[in-house]
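Colleague: Quick one: sequence plus predicted model below, questions after.
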Amino acid sequence: MAGDTILVVDDESDLVHGLRRTIRMDIDCRVLTAENGFQALDILSKEAVDVVLADVLMPNMDGLTLLERIKSLDPAVTVIIMTAYGTIEKAVEAIKKGAYDLIQKPVDEDRLIHLLRKGLELNRLVRENARLSEAVSRTETAGSMVGRSRPMRAVFEKIHMLAQSDVTVLVRGDTGTGKDLAAQAIHQLSRRGHRKLITVNCPALPESILESELFGYRKGAFTHATDDHLGMFDQANHSSIFLDEIGDLNLPVQTKLLRVLQDKEIRPLGCNRSHLVDTRIIAATNRNLELKIKENRFREDLFYRLKVATLTMPSLDQIREDIPLLVDHFLERVASEQDKARKSVTPGVLNHLVGRQWPGNTRQLENLIRGWYAVVPDDRISTAHLAEDSLPAVCSTELIDLDKPYQELKEQAIGVFTLEYLNRLLGKTGGNVSAAAQLSGMKRQSLQKIIRRYGIDVQQMRS
Ligand SMILES: Nc1ncnc2c1ncn2[C@@H]1O[C@H](COP(=O)(O)OP(=O)(O)OP(=O)(O)O)[C@@H](O)[C@H]1O
């Protein structure tokens with residue numbers, strides 16, 4: 001087929017040219033030639049070759065060594081070995097080492113053409129297969145993230161796409177949705193991935209030292225600057241810097257950051273010259289930056305420089321179907337981290353976890369599971385243990401994005417409260433609605449109505 005390439009390797013140049021002619025008469029492809037193994041490897045490092053036809057006996061590097069080297073370079077290349085009378089042992093070894101087939105010298109032209117056609121076909125299949133599995137794995141995972149839902153597959157796909165370039169990325173999403181993991185994955189999958197990702201937790205650094213930590217300083221720049229100090233942007237040279245919670249940066253640092261984004265230059269404190277840095281910037285925020293811009297608390301020009309590409313993480317509510325997978329993932333992870341027996345959950349618990357509200361998103365789910373390992377001695381978590389899934393954690397303002405409109409937050413809080421309250425109440429009464437109504441001071445019918453509205457599975461609680 002046009003576009004295919006066959007490489008013929010033999011130290012007898014007349015034979016090589018004869019084979020080349022024969023092949024080109026019958027197969028529409030490019031035929032390259034080499035007179036020894038080294039030449040062949042050189043060609044393979046520069047050209048895309050589909051099938052190699054190599055003699056088994058050659059000076060300096062024999063056909064078997066060449067076969068091994070080809071397979072370690074690119075296992076998809078099909079290799080056919082030419083053998084001479086009396087080289088049966090080598091022929092057997094060639095097959096063991098991954099040769100596709102053998103052909104005896106003097107070469108029978110029909111058999112050669114037949115073998116080469118089959119070899120090209122095999123190569124196409126192997127490459128297509130590799131391409132398909134790569135496409136599947138691209139949408140199944142990214143870094144250490146878990147998820148199979150459509151929104152998560154879209155996230156993985158985008159992460160792989162962003163990893164191919166150097167563009168500045170703004171990762172957005174509510175608290176605990178995996179922004180940090182996504183930023184790490186973009187870096188790890190990029191060409192810079194073998195270098196360390198430098199992470200700056202913006203709010204954790206006091207304003208007074210943020211600038212000197214980011215951009216560095218020269219000895220004598222201020223009272224305690226007794227030595228030169230390499231800033232985080234310099235540490236991230238040829239790598240990536242992750243600016244977490246960028247929405248919390250103060251305005252003067254925002255201005256300096258804007259300069260880095262515009263000119264790719266930084267100027268350490270106490271230095272009168274700037275220098276270039278090759279640093280890829282990934283930033284994340286759970287803040288409503290548009291609102292901050294309106295309130296003059298975030299620079300609009302910086303916002304547009306940051307969001308050259310945006311990756312938005314779905315809330316756990318949007319990927320509910322992934323909850324069983326995530327539960328499994330965290331049960332496994334915490335058990336192996338803490339070297340404990342792996343716990344499991346009853347279907348009732350899983351049902352509850354899939355149905356409830358998660359204002360703290362995946363982090364809240366992870367913390368809940370960590371809590372079980374800390375306080376629940378039983379290996380199987382049942383609905384009775386759900387009372388431990390306590391209210392204060394869910395209503396904590398740390399888990400609520402206070403930038404959201406009041407009405408939306410209020411409804412969310414009431415929803416969370418009601419679900420928590422009912423789960424705990426019905427957990428106590430073992431799913432007995434009459435007893436629960438009595439305990440809560442509600443009419444049975446009103447309680448039934450709320451149970452239905454929130455989709456609580458009372459049957460599961462009874463089992
Ligand atoms: N898809 C996922 N697969 C596996 N673990 C996840 C996933 N999403 C989040 N997590 C876990 O949830 C926890 C919170 O994730 P992460 O810190 O990345 O969230 P975040 O969005 O950066 O939160 P914040 O805005 O509060 O900083 C981490 O322990 C992370 O490992």
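Modeller: Yep, it's here. Residues are numbered from 1 along each chain as shown.
Colleague: hmm, who's touching stretch 253-272?
Modeller: For stretch 253-272, contacts defined as CB atoms under 8 Å, 6 or more residues apart in numbering pick out 168, 207, 210-212, 214-222, 225, 228-229, 231, 233-234, 243, 249, 273-279, 281, 298-299, 301-302, 305-306. To be clear about C-beta, it is placed using only N, CA and C from the backbone, and glycine gets the same treatment.
Colleague: run the last query once more with 7 Å
Modeller: Applying CB atoms under 7 Å, 6 or more residues apart in numbering, the external contacts of stretch 253-272 come out as 168, 210-212, 215-218, 220-222, 225, 231, 233, 249, 274-277, 281, 298-299, 301-302, 305.
Colleague: buried subset of those?
Modeller: 168, 210-212, 215-217, 221, 225, 231, 233, 249, 277, 281, 298-299, 302, 305 (16 or more other CB atoms under 10 Å).
Colleague: taking those residues one by one, which sit in helices?
Modeller: With DSSP state H as the criterion, helices contain 210-212, 215, 233, 302, 305 from among the buried ones among the contacts of stretch 253-272.
Colleague: Which of those lies at the shortest distance from Phe38?
Modeller: Phe233 (44.6 Å; CB to CB).
Colleague: show me the contacts for that closest one.
Modeller: Contacts for Phe233 (CB under 7 Å, 6+ apart) come out as 214-215, 241, 260, 266, 277, 279.
Colleague: Looking at the residues you listed, which is nearest the ligand?
Modeller: Within the contacts of Phe233, proximity to the ligand (CB to the nearest ligand atom) peaks at Ile241, which comes in at 15.6 Å.
Colleague: Could you find the closest non-adjacent residue to that closest one?
Modeller: Nearest residue to Ile241 in three dimensions, chain neighbours excluded: Ile198, at 4.8 Å (CB to CB, 6 or more residues apart in numbering).
Colleague: hang on, that neighbour packs against Leu230?
Modeller: No: assessed by CB atoms under 7 Å, Ile198 is found out of contact with Leu230, at 10.7 Å.
Colleague: Compare those two and say which one has the larger neighbour count.
Modeller: Ile198 (20 against 12; other CB atoms under 10 Å).
Colleague: ok, now which ones touch that one?
Modeller: 232, 235-236, 239, 241.
Colleague: Produce a ChimeraX select command limited to the buried residues of these.
Modeller: Buried residues among the contacts of Ile198 (16+ other CB under 10 Å), as a ChimeraX selection:
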select :232,235,236,239,241
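Colleague: Tell me which residue of this protein lies closest to the ligand.
Modeller: Across the chain, the shortest distance to the ligand (CB to the nearest ligand atom) belongs to Gly178, at 2.8 Å.
Colleague: From the structure, what's the count of residues near that residue?
Modeller: 26.
Colleague: next one: His194
Modeller: Taking other CB under 10 Å as the criterion, the count of residues near His194 is 9.
Colleague: Confirm it sits in a helix?
Modeller: No: counting by DSSP: H, G, I helix; E, B strand; the rest coil, His194 is not found in a helix; it is coil.
Colleague: Show the pLDDT at it.
Modeller: Looking at His194, its pLDDT reads 84.
Colleague: before we move on, the earlier item: give me the subset of the contacts of Phe233 that also touch the ligand.
Modeller: For the ligand, no contacts are drawn from the contacts of Phe233 by CB under 6 Å from any ligand atom.
Colleague: these two touch, right, Arg444 and Ala436?
Modeller: No: assessed by CB under 7 Å, Arg444 is found out of contact with Ala436, at 8.7 Å.
Colleague: I'd like the mean pLDDT over stretch 228-238, please.
Modeller: On average, the pLDDT along stretch 228-238 is 89.
Colleague: And that stretch, end to end?
Modeller: Distance between the boundary residues of stretch 228-238 (CA to CA, to the nearest Å) amounts to 21 Å.
Colleague: same check, this time on stretch 226-243
Modeller: End-to-end for stretch 226-243, by CA to CA: 27 Å.
Colleague: Let me know the secondary structure of the residue nearest to the spatial centre of the chain.
Modeller: With distances taken as CA atoms, centre = their mean, the residue of the chain nearest its centroid is Ala142 (1.8 Å). Taking three-state DSSP as the rule, one finds Ala142 in the coil state.
Colleague: Tell me if I'm right that it and Glu157 touch.
Modeller: No: between Ala142 and Glu157 there is no contact under CB under 7 Å: 8.6 Å.
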